[in-house]
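A.B. asks: output the structure for:
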Amino acid sequence: MPSLIDLRRRIRSVKNTQQITKAMKMVAAAKLRRAQEKVLASRPYSQSYEKLLANVVAAASSDERVMSHPLLAVRREEKIQVILITSDRGLAGAFNSNINRGAQRFLQDKAGAAVQIESIGRKGRDYFKRRNVELSGEHQGILDKSLFADAQRIAQTAMSRFEKAETDAVYLIYNEFKSVMSQKLTVKRILPVEIPEGRQTQDYIFEQPPDQLLGNLLPNYVSGTVYAAILESAAAEHAARMVAMDAASTNAGKVIDALTLYLNRVRQATITREIIEIVSGAAALE
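C.D. replies: This next block holds a predicted model:
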């Protein structure tokens, strides 16, 4: 049976842990609010850009040069680039493990191809380094800043390698933010660019050749897609951490209640034993 001092020390330790988890929950909640605002603001832009791209392609479909753009080249997927987005820190529940397992399944499905991973976030990098998976690059601190310049730099590297035929396809693997309680594991191919299907809803008068116009739209579309994935991942990470820290605080409270009850029982048993010893000693002296 543990002593009263040990029990009090353990209760104090759990209370200190509970204070930390509560503070982390509050920080995650504040960051989530800002990240959620960015996600909600970016979604209409992404949808409008997809519609614009589909309309331009439909309007210029008669021009053979349009579909010959390098970013639209469809090749057999023998060399695949994966942009994997995880967090730099843990304590976010199953946020990172779900992404890493999803990426592992993707590698198994593409077992016949040479797959390289461009890691955004330390957790994904560490996971695949331990499994001897080839990393083409690694980036840290991206989700904390969530800057378009970072997404554009990563996207430009992927596009350059694709245009040089160093890769045949580029995929994004990340967690899409659905709500505070749920995130969706998403695997999305961004290169070659899949033109959204649809028919022309507007008449366009082109001031420049359609192939040049598309050449400007496609790189921005790829960069915007990577940036949207980073925003989604950042919001999903903060939501997962907030939920995990809330659960940890609740569990710590239950542990404290259980230890306090056990402490009272031990103290009562100790007092009872001491009383019995005193009574027995007094009876022996009579």
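
A.B. asks: low-scoring stretches of the stretch 101-250 of the chain, by residue?
C.D. replies: For the stretch 101-250 of the chain, the stretches with pLDDT under 70 are 196-202.

A.B. asks: where do the helices of it begin and end?
C.D. replies: 122-130, 142-145, 148-163, 210-285 (DSSP state H, counting those that start in this stretch).

A.B. asks: Ser97 is nearest to which of those?
C.D. replies: With respect to Ser97, and counting by Cβ to Cβ, the nearest of the helices of the stretch 101-250 of the chain is helix 122-130 at 8.6 Å. For glycine as for every other residue, the C-beta is placed from the backbone atoms N, C-alpha and C.

A.B. asks: now do the buried residues in the helix or strand encompassing Val82.
C.D. replies: Following DSSP states H and E, the helix or strand that holds Val82 is strand 79-85. Buried residues in strand 79-85, counted by 16 or more other Cβ atoms under 10 Å: 79-85.

A.B. asks: ok, back up a step: using CSV, lay out the helices of the stretch 101-250 of the chain together with distance to Leu185.
C.D. replies: Formatted as CSV, the helices of the stretch 101-250 of the chain follow (distance: least, Cβ to Cβ, whole Å):
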stretch, distance to Leu185
helix 122-130, 13
helix 142-145, 16
helix 148-163, 20
helix 210-285, 10
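
A.B. asks: between those, which gets nearest to Arg10?
C.D. replies: The minimum distance between Arg10 and the helices of the stretch 101-250 of the chain falls on helix 210-285, with 6.0 Å, by Cβ to Cβ.

A.B. asks: now do that closest one: distance to the chain's middle.
C.D. replies: Chain-centre distance of helix 210-285: 19 Å, with Cα atoms, centre = their mean, to the nearest Å.

A.B. asks: list the helices and strands that helix packs on?
C.D. replies: Packing partners of helix 210-285 (3 or more Cβ pairs under 8 Å, 6 or more residues apart in numbering; DSSP states H and E): helix 4-59, strand 79-85, helix 95-109, helix 142-145, helix 148-163, strand 169-177, strand 183-191.

A.B. asks: go again using 10 Å as the cut-off
C.D. replies: helix 4-59, strand 79-85, helix 95-109, strand 114-120, helix 142-145, helix 148-163, strand 169-177, strand 183-191 (3 or more Cβ pairs under 10 Å, 6 or more residues apart in numbering; DSSP states H and E).
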